[in-house]
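Enquirer: Predicted model and sequence below, questions to follow.
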Amino acid sequence: MSYLEYNVKTVPAGWRKVFYLNWPLVVLLSAVACVGFLMLYSVAGGSFEPWAEPQMKRFALGLALMFFVAMVPIWFWRSMAMVAYLFAFFLLILVEFIGSVGMGAQRWIDLGFMRLQPSELMKITMIMFLAAYYDWLPLKKTSRPLWVVLPVLIILAPTALVMGQPDLGTAILLVTAGGLLMFLAGVHWAYFATVAAAGVGVIWTVFQSRGTDWQILKGYQFRRIDTFLDPGSDPLGAGYHITQAKIAMGSGGWTGRGFMQGTQSRLNFLPEKHTDFIFNTLAEEFGFIGGISLLSLYVLVLLFCIFAALQNRDRFSSLLILGVGLTFFLFFAVNMSMVMGLAPVVGVPLPLVSYGGSAMLVLLVAFGLVQSAHIHRPR
């Protein structure tokens, strides 16, 4: 027995779990959040209000929730997976009736002290439910058609509600994360090839529906696609966001203009500078070096999730960790692709950096589940 193991065993059982926390992961998440605080302070013109201070308070609350979730045994969260999913699904239905409207979308429930976005909660509870399902299902049944239908319904039911809000970005994340988790759980590749072929047909149908009575996407969503394909076609209208985003990113160069010296954000040329397009503010002020540094932090968090999943011998825990890692990856990959003009603008926040309460709290709770799986893994 090593000196460290001996000292851990002498600590009271209630506190012993603290030593088993993945502390490097906590440090990495805190570092990413600090980048967000710094940028929110900058875009507010050197003030902690109205964005940086509330974000700090939410992060402190989220960190406390992460530690609480981490201390609870992972078997409890496995048993609560279906309940959590059904609760999030109920909230999505509730949004249709009492949801508050913002920027033409009905996505939030006003709790008074904050606005809760149930679709953010669904991203994690869906992963929990799918992980529990494949932990329960024998491996030999994973690819049988009857047992593939249920997880597909688990994914598509909330996706349909989210599409109706409308929130195309979250709908894409739900389908992609759910599909990738099914693949990691062992579902045969032929199903995904069939879905890919069907996806091509759906895309064709979507474009054919434009301008008809049965138009599938909203008008502004079609304009986002047009802007993605040709931003210069309407630089002062639909293409304004991405045009200004590219100017901000390009003007940063290698080292940036300097902290709080970004003209695009300070002069309000850059829209949604504190939420969806906050990465462009970072790139303008700190250049390529600042952007690649943040990306490196994200990749390190992702690698910690992958290593933790590979080391865990519990199937539910491994799938849950991989699912959280996938969701985290899709967050920053879609956002960065979007603000660089590599993908249509779909309104996906930059994790732990963009201003927002629901996304940050839910993401930190998700990493609490990762920590719980790490602490309570078979040793």
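Expert: Sure, I can see it.
Enquirer: CA only for contacts and neighbour counts going forward, please
Expert: Noted.
Enquirer: the strands in the chain, which residues?
Expert: 100-102, 105-110, 115-116 (DSSP state E).
Enquirer: Which one, of those strands, ends up nearest to residue 50?
Expert: strand 115-116 (15.8 Å; Cα to Cα).
Enquirer: Against which helices or strands is that closest one packed?
Expert: strand 105-110 (3 or more Cα pairs under 8 Å, 6 or more residues apart in numbering; DSSP states H and E).
Enquirer: Now do the strand it packs on, average pLDDT.
Expert: For strand 105-110, mean pLDDT is 76.
Enquirer: And the helices in the stretch 201-350 of the chain, which stretches?
Expert: 219-229, 240-251, 263-266, 278-311, 315-339 (DSSP state H, counting those that start in this stretch).
Enquirer: Need those in a markdown table (columns: distance to residue 94 and mean neighbour count).
Expert: Formatted as a markdown table, these follow (distance: least, Cα to Cα, whole Å; neighbours: other Cα atoms under 10 Å):
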| stretch | distance to residue 94 | mean neighbour count |
| --- | --- | --- |
| helix 219-229 | 24 | 17 |
| helix 240-251 | 32 | 21 |
| helix 263-266 | 36 | 20 |
| helix 278-311 | 31 | 21 |
| helix 315-339 | 24 | 23 |
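Enquirer: and the ones you listed as CSV, adding mean pLDDT and distance to residue 189?
Expert: Below are the helices of the stretch 201-350 of the chain laid out as CSV (pLDDT from 0 to 100; distance: least, Cα to Cα, whole Å):
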stretch, mean pLDDT, distance to residue 189
helix 219-229, 74, 29
helix 240-251, 79, 36
helix 263-266, 74, 45
helix 278-311, 92, 21
helix 315-339, 92, 18
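Enquirer: Quick one: closest of the ones you listed to residue 360.
Expert: Nearest of those (Cα to Cα): helix 315-339, 11.2 Å.
Enquirer: angle of the closest one against helix 219-229?
Expert: 70 degrees (axes from the mean of the first three to the mean of the last three Cα atoms, to 10 degrees).
Enquirer: Kindly reformat the strands of the chain as a markdown table containing distance to residue 16 and mean neighbour count.
Expert: As requested, those are exported to a markdown table (distance: least, Cα to Cα, whole Å; neighbours: other Cα under 10 Å):
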| stretch | distance to residue 16 | mean neighbour count |
| --- | --- | --- |
| strand 100-102 | 44 | 13 |
| strand 105-110 | 38 | 20 |
| strand 115-116 | 34 | 20 |
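Enquirer: would TSV of those strands with distance to residue 282 be doable?
Expert: As requested, the strands of the chain are arranged in TSV below (distance: least, Cα to Cα, whole Å):
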stretch	distance to residue 282
strand 100-102	26
strand 105-110	27
strand 115-116	26
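Enquirer: ok, the nearest residue to residue 78 once chain neighbours are set aside - how many residues close by?
Expert: Using Cα to Cα, 6 or more residues apart in numbering and skipping residues adjacent in sequence, the residue nearest residue 78 is residue 132, 6.0 Å away. Residue 132: 22 surrounding residues under other Cα atoms under 10 Å.
Enquirer: and what of residue 177?
Expert: 25.
Enquirer: Surely it touches residue 327?
Expert: Yes - using Cα atoms under 8 Å, residue 177 is in contact with residue 327, at 6.0 Å.
Enquirer: so which of the helices of the stretch 201-350 of the chain comes closest to residue 140?
Expert: Short answer: helix 315-339, nearest of the helices of the stretch 201-350 of the chain by Cα to Cα, at 14.5 Å.
Enquirer: Could you give the separation of that closest one from the chain centroid?
Expert: 7 Å (Cα atoms, centre = their mean, to the nearest Å).
Enquirer: show me where the stretch 51-200 of the chain has helices.
Expert: According to DSSP H, counting those that start in this stretch, the stretch 51-200 of the chain carries its helices in the segments 52-71, 74-79, 81-98, 118-136, 145-163, 168-185, 189-208.
Enquirer: With mean pLDDT and distance to residue 222 as new columns, can those helices be given to me in JSON lines?
Expert: Shown next, in JSON lines, are the helices of the stretch 51-200 of the chain (pLDDT from 0 to 100; distance: least, Cα to Cα, whole Å):
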{"stretch": "helix 52-71", "mean pLDDT": "92", "distance to residue 222": "33"}
{"stretch": "helix 74-79", "mean pLDDT": "93", "distance to residue 222": "40"}
{"stretch": "helix 81-98", "mean pLDDT": "91", "distance to residue 222": "23"}
{"stretch": "helix 118-136", "mean pLDDT": "93", "distance to residue 222": "22"}
{"stretch": "helix 145-163", "mean pLDDT": "92", "distance to residue 222": "14"}
{"stretch": "helix 168-185", "mean pLDDT": "90", "distance to residue 222": "11"}
{"stretch": "helix 189-208", "mean pLDDT": "87", "distance to residue 222": "9"}
